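>>> Starting from these lines, generate the structure:
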Amino acid sequence: MLTNIRTILVEWGDCDPAGIVYYPRYFEWFDACTQALFARAGLPKPEMLKRYEIAGIPMVDTRARFLIPSKFGDEVTVETVITAFRRSSFDVQHRLLKEGVLAVEAFETRVWVARDPENPERIKSQAIPQEVIARFE
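So this is what the prediction gives:
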């Protein structure tokens, strides 16, 4: 299973007044980590959108467990992996480690979508190409 590992230095602007990472920042990082995983699989987002004529891979469900706070100056590592593929959706898991200890665990479900040919203002799920899935195995 293809895994991407990204190291993040917690900056002052990532933190709330208490000096800990403000929770929406984690979700920004996780979104970037998902894109980095696709890039690692040889599918950087601009190329993927063009090659497969899709509108994107929007998130339709997410949740996280916050176990240990991260603070300004901490260096954290995010491990990202796709845990399941279905016809048009897939699950992503992020494990954020602080000094090797699990600090945050997050889960996403995303959908492979294209513009709806009947209404270009809307998007519609599409089957994920087998060649895309094969890049993550």
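
>>> Which of the helices or strands spans the most centrally placed residue in the chain?
Nearest residue to the geometric centre of the chain (CA atoms, centre = their mean): Thr34, 2.7 Å. Using DSSP states H and E, Thr34 sits in helix 23-40.

>>> Against which helices or strands is that helix packed?
When contacts are defined as 3 or more CB pairs under 8 Å, 6 or more residues apart in numbering; DSSP states H and E, helix 23-40 sits against strand 3-9, helix 45-52, strand 59-66, strand 75-85, strand 89-98, strand 101-111. For every residue, glycine as well, the C-beta is placed using N, CA and C.

>>> got a list of contacts for the fourth one?
This points to strand 75-85. Strand 75-85 has contacts (CB atoms under 8 Å, 6 or more residues apart in numbering) with 1-10, 29-30, 33-34, 36-37, 70, 90-98, 103, 128, 133, 136.

>>> Could I get the CA-only coordinates of it as CSV?
Coordinates of each C-alpha in strand 75-85 appear next as CSV, following Å, rounded to 0.1, in the frame of the first residue of the first chain:
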residue,chain,number,x,y,z
GLU,A,75,7.8,19.0,14.3
VAL,A,76,5.1,16.5,13.4
THR,A,77,5.0,13.8,10.8
VAL,A,78,1.9,12.8,8.8
GLU,A,79,1.5,9.4,7.3
THR,A,80,-1.2,9.2,4.6
VAL,A,81,-2.6,6.1,3.0
ILE,A,82,-5.7,5.1,1.0
THR,A,83,-7.3,2.3,3.0
ALA,A,84,-10.2,1.4,0.6
PHE,A,85,-11.4,2.0,-2.9
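
>>> coming back round to it: tilt between the helix holding Thr34 and strand 59-66?
Here helix 23-40 runs at 120 degrees with respect to strand 59-66, directions being taken by axes from the mean of the first three to the mean of the last three CA atoms, to 10 degrees.

>>> Flag every buried residue along helix 23-40.
The neighbour-count criterion (16 or more other CB atoms under 10 Å) identifies Arg25, Tyr26, Trp29, Phe30, Asp31, Cys33, Thr34, Gln35, Ala36, Leu37, Phe38, Arg40 as the buried residues of helix 23-40.
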